[in-house]
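**Q** The amino acid sequence is not available; the structure is as follows:
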């Protein structure tokens, strides 16, 4: 499949780091703060024109700080480009200072009328530009700013947020009392971590990046808070195969699960493993599930495993294993779980494999845990809400507590390694259509397949998560609602062959 054009940088920073990058640019690149503001306004207008080519009238809502200054630059440039512009100030124009005051003076000189904000003024706009708060949020949103954000959200107009949706914390991704819900956000100088955390996915819309004409090397001295997964991760993990490749050299994967009534889970995982490129796929499952696993997919090597002893042959053959899809909670499941965890195999643990681990912690290396937030809460002996409130801390804690590579699933899935010095990885692909039963089983199978091909847990986690997300996005082209997990399978094959 043709590789995606990556519009966003790989590295993601804290808000403080981005401010340091800006200061470094001013000190070393011969630009002023106002020049950077002017470039930000021009970049934002370019995004607006590209995304809403039929728009003719803009309502630009501005606060008192630099974000408001960005908005006033947009107002000046948009008016010069022939748009109808209403520049709506939430504060007195006389309270503007620094570069924001300079932006206001230039806008006035160009004939832009600066008006006090009123909600009815939004009514005639084709697009609203949010220049209220940006990264300047330092306390709960109240007063006129609260009123303005509520009016913007109630307007039913498309919103372009400048740098960050106003009211959203740029380090945690959590909103204040209220935050703008944008159709798109154009962020400047560096990607901010809060755009990938918390509730940001419900506020940012499509994310765009503008480097303001500065070299990305400016950010080199700063260790990133997060690293975005990119197609390069797939290319590293899944290069073109040698002509001499054979099924044994492409990896042997064992999958264990599929208790009574849950054959579908292990079947989905096994077929995902085949579609993601594993050379040989073995399934050890309950006797009641064998027929369902094999139905229509003879490439799976499946046998009944009614006791731990029945796993021995497959353990000897396999290069790695997946434990958990459809495993259930029973004496049968406990026996298989205990034997496989004790085996000297790299291991992907999912679903009821994780629930069993939460109930009986064991020490082990060379494994990859794949919890959703509820499972993560059980593994960390905390609540789902606590996990979601600080997903970065949660995935780090999982990796540390269990000596594991950890994949914390959900929108903007996070990946941690046992090495705390390595940055977290974040997957900003995927879509709500994947919120359906069985997609986690598909992920487990894909992770296992990449693992047996790479023999590298860290690389397998990154590439497997991205492979799964890209397959989901391709499957959603015809609509998210109504997708089923099996819809991802043919697209796994396509993305497992990146070009």
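**A** Nice, thanks for sending it over. Since we're looking at a predicted model, the values are computed, not measured. Numbering: from 1, shown residues only.
**Q** What are the structural domain limits within the protein?
**A** 11-226, 231-495 (automatic domain parsing).
**Q** and those domains as JSON lines, adding mean neighbour count?
**A** All C-beta atoms are positioned from the backbone trio N, CA, C, and that covers glycine. Compiled in JSON lines, these are given as follows (neighbours: other Cβ atoms under 10 Å):
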{"stretch": "domain 11-226", "mean neighbour count": "20"}
{"stretch": "domain 231-495", "mean neighbour count": "21"}
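**Q** Next one, pLDDT for residue 3 please.
**A** Residue 3 is assigned 48 on the pLDDT scale.
**Q** Same check on residue 23?
**A** Residue 23 is assigned 96 on the pLDDT scale.
**Q** Also residue 134?
**A** 89.
**Q** Ok, residue 217 next?
**A** 89.
**Q** Equivalent analysis for residue 138, please.
**A** For residue 138, the pLDDT comes out at 77.
**Q** Tell me how far it lies from residue 163.
**A** As defined by Cβ to Cβ, to the nearest Å, residue 138 lies at a distance of 15 Å from residue 163.
**Q** And for residue 170?
**A** Taking Cβ to Cβ, one finds residue 170 at 8 Å from residue 163.
**Q** Next, show the common contact partners of the two.
**A** Residues within reach of residue 170 and of residue 163 at once, by Cβ atoms under 8 Å, 6 or more residues apart in numbering, are 135, 192.
**Q** got the residue ranges for the helices in the stretch 251-400 of the chain?
**A** 263-275, 290-294, 312-317, 331-342, 352-359, 373-379, 384-389, 391-402 (DSSP state H, counting those that start in this stretch).
**Q** Ok, which of the ones you listed comes nearest residue 15?
**A** In terms of Cβ to Cβ, the element of the helices of the stretch 251-400 of the chain nearest to residue 15 is helix 391-402, at 14.1 Å.
**Q** can you state the direction angle for the closest one and helix 352-359?
**A** Orientation note: helix 391-402 sits at an angle of 70 degrees relative to helix 352-359 (axes from the mean of the first three to the mean of the last three Cα atoms, to 10 degrees).
**Q** Determine the set of other helices and strands touching helix 391-402.
**A** Where contact means 3 or more Cβ pairs under 8 Å, 6 or more residues apart in numbering; DSSP states H and E, helix 391-402 is packed against strand 367-369, helix 373-379, strand 405-408, strand 413-416, strand 424-427.
**Q** from the chain's centre, how far out does it sit?
**A** Its chain's C-alpha centre and that of helix 391-402 lie 17 Å apart, by Cα atoms, centre = their mean, to the nearest Å.
**Q** From here on, call the first residue 42.
**A** Got it, the first residue is 42 from now on, which makes the last one we talked about helix 432-443.
**Q** and residue 216, bridged to which residues?
**A** Using DSSP bridges, the beta-bridge partners of residue 216 come out as residue 209.
**Q** surely it meets residue 208?
**A** Yes. Under the criterion of Cβ atoms under 8 Å, residue 216 makes contact with residue 208 at 5.2 Å.
**Q** So which of the helices of the stretch 292-441 of the chain is nearest residue 71?
**A** helix 432-443 (35.8 Å).
**Q** To residue 128, which of the helices and strands packed on helix 432-443 lies closest?
**A** Of all these, it is strand 465-468 that lies closest to residue 128, at 35.4 Å by Cβ to Cβ.
**Q** Give me the contact list for that closest one.
**A** Among residues not part of strand 465-468, those counted as contacts by Cβ under 8 Å, 6+ apart are 53, 237, 266-270, 433, 436-437, 453-457, 502-503, 506-507, 510.
**Q** In contact with residue 416, which residues are there?
**A** The contact partners of residue 416, taken as Cβ under 8 Å, 6+ apart, are 392, 395-396, 399.
**Q** what about 10 Å?
**A** Contact partners of residue 416, counting by Cβ atoms under 10 Å, 6 or more residues apart in numbering, are 365, 390-396, 398-399, 410, 425, 428, 439, 449-450, 481.
**Q** Many thanks, we can stop here.
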